[in-house]
Every structure is written in structure tokens, then in C-alpha cells.
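K.L.:
kindly generate the corresponding structure for this input.
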Amino acid sequence: MSIIQIDSVTTSKTGKSLLVKGSGKTYFAKLDSGLLGKQGETIEAETKASEKDGNTFVWIEKWKKASAEAAPSASIAQGGINMAFLPFVSNVVAHAIQVGKIEGPAGIAAWANAAYDAACNLKEAEPF
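P.N.:
Presented below is the predicted three-dimensional model:
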């Protein structure tokens, strides 16, 4: 199950399907899926990937309104960034700049991404 906070639902260019944008991704759904007009809602969706002409498309096969437990918390912003981790990321980047490990914007991006990934994977870390 994927938790998707729906930003927009529009008809595709061909008119044969829906384009569902949410949680930083684009999904496809059948016209009769019931998703049209569900902007702003959070759903639990069963998705399936398909491939055509070398492109991968993710389809929403089934969905239901997300339960309160499954809905993203207020600390998760659009695009799936957990805002609760940003102070940690900022501190890591600041310390790396202070000790001369970062030079320029590319270094900031690399360290910020690494710090965010580390924070997101703390549950998988082995205790010491």
C-alpha cells in the first residue's frame, strides 16, 4: 500500500486515463476510478507499474480513503520531506562547513541529502 496525498487529478492528454499527482509523484488511474475531484485528500492505494515504449508508468489499481493512522503527519510536507529531520540536516551541514568539508552548493546538497537519508534510515540502524 502506498500513502498518497493528492495534489491534483486531471484527465490525460489522450482522455483515456487520469493523471494523479501527489506525494511528489505522478500516477495514472482509470477514468472510472472515482479519483476525479479528490484533490487534497490522502488515500491508501494499491499501485502497479507497467512499461510501454521503454517508459514506466505507475497505475493506481485500488484505493480507499486513508485512515487517521496511515495519513501523513503534519511534519511531512508536500513532496514527502519529513520536516522534523531538517534541524538535524541543518546542523550536519553547518558542522561540515565549519570544519571545511563542504565547498560550494554541490557540497551542501550532497551533505544535506546524505544527512536526510541517514535520519530517515535510523530505524534500520544497528544499536551500538
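K.L.:
quick check: buried residues in the longest helix along the chain?
P.N.:
When the chain is parsed with DSSP state H, its longest helix is helix 104-120. Of the residues in helix 104-120, those scored as buried under the neighbour-count criterion (16 or more other C-beta atoms under 10 Å) are 111-112, 115-116, 119. For glycine as for every other residue, the C-beta is placed from the backbone atoms N, C-alpha and C.
K.L.:
one more: stretch 86-95?
P.N.:
Buried, per 16+ other C-beta under 10 Å, within stretch 86-95: 86, 89, 92-93.
K.L.:
turn these into JSON lines, including pLDDT, secondary structure and distance to Gly15.
P.N.:
Supplementary listing: these in JSON lines, determined by pLDDT from 0 to 100; DSSP: H, G, I helix; E, B strand; the rest coil; distance: C-beta to C-beta, whole Å:
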{"residue": "Leu86", "pLDDT": "84", "secondary structure": "helix", "distance to Gly15": "41"}
{"residue": "Val89", "pLDDT": "88", "secondary structure": "helix", "distance to Gly15": "42"}
{"residue": "Val92", "pLDDT": "90", "secondary structure": "helix", "distance to Gly15": "48"}
{"residue": "Val93", "pLDDT": "90", "secondary structure": "helix", "distance to Gly15": "46"}
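K.L.:
counting by contacts, list what the helix or strand of the chain with the lowest mean pLDDT packs against.
P.N.:
For the chain, using mean pLDDT, DSSP states H and E, the weakest element among its helices and strands is helix 104-120, scoring a mean of 82. Contacts of helix 104-120 with other secondary structure elements, assessed using 3 or more C-beta pairs under 8 Å, 6 or more residues apart in numbering; DSSP states H and E, are made with helix 86-98.
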